[in-house]
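>>> Whatever this is, show me its structure:
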Amino acid sequence: MQQVDVTALEEALAAGAPLIDVREADEFAEARVPGAVLVPLSQFTARLDEIPSADTVYVICAMGGRSAQATNYLNATGVNAVNVAGGTQAWIASGRAVDSGA
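Numbering: from 1, shown residues only. Down below sits the predicted model:
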């Protein structure tokens with residue numbers, strides 16, 4: 001499974017790459033990487049049609065565990081998915097901007 005750190009994620013987002021956040025709605029509302037789209041891991045397989053068709057899809061959670069599961073699943077279905085190591089917590093710890101609210 002391919003992983004990137006938050007610096008590489010920031011560069012990918014600036015280039016227009018999609019980011020899927022697999023945390024639950026309450027976690028997403030509290031703080032998220034700007035531009036992330038919520039598809040909770042608990043609903044992931046039922047909402048696969050919401051995963052964008054892009055060259056590479058980035059997947060994030062709180063620390064990297066749930067997003068690793070989703071990344072492995074997407075890769076098995078033929079989607080080029082990349083896990084964000086350290087997740088949203090690493091993004092916040094780096095001092096980067098976050099969005100919040102529903």
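>>> Confirm Arg23 sits in a helix?
No. According to DSSP: H, G, I helix; E, B strand; the rest coil, Arg23 belongs to no helix; its state is coil.
>>> And the helices in this protein, which stretches?
Listed in chain order, the helices of the chain (DSSP state H) span 6-14, 25-30, 65-76, 87-93.
>>> ok, now which ones touch Ser100?
Residues counted as contacts of Ser100 (C-beta atoms under 8 Å, 6 or more residues apart in numbering) are Ala29, Glu30, Ala31, Arg32. Where C-beta positions appear, they are placed from N, C-alpha and C, glycine not excepted.
>>> out of the residues you listed, which is most surrounded?
Within those, most neighbours by other C-beta atoms under 10 Å means Arg32, with 22 neighbours.
>>> so that residue sits right up against Val98, yeah?
Yes. Using C-beta atoms under 8 Å, Arg32 is in contact with Val98, at 6.2 Å.
>>> re the thing from before, mind putting the contacts of Ser100 in JSON lines, pLDDT and distance to Ala54 included?
Formatted as JSON lines, these follow (pLDDT from 0 to 100; distance: C-beta to C-beta, whole Å):
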{"residue": "Ala29", "pLDDT": "97", "distance to Ala54": "25"}
{"residue": "Glu30", "pLDDT": "97", "distance to Ala54": "26"}
{"residue": "Ala31", "pLDDT": "97", "distance to Ala54": "24"}
{"residue": "Arg32", "pLDDT": "98", "distance to Ala54": "19"}
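>>> Pick the one among the residues you listed closest to Val22.
Of all the contacts of Ser100, Arg32 has the smallest distance to Val22: 11.4 Å, by C-beta to C-beta.
>>> Would you enumerate the residues in contact with the closest one?
Applying C-beta under 8 Å, 6+ apart to Arg32 gives the contacts Asp21, Leu38, Thr88, Val98, Asp99, Ser100.
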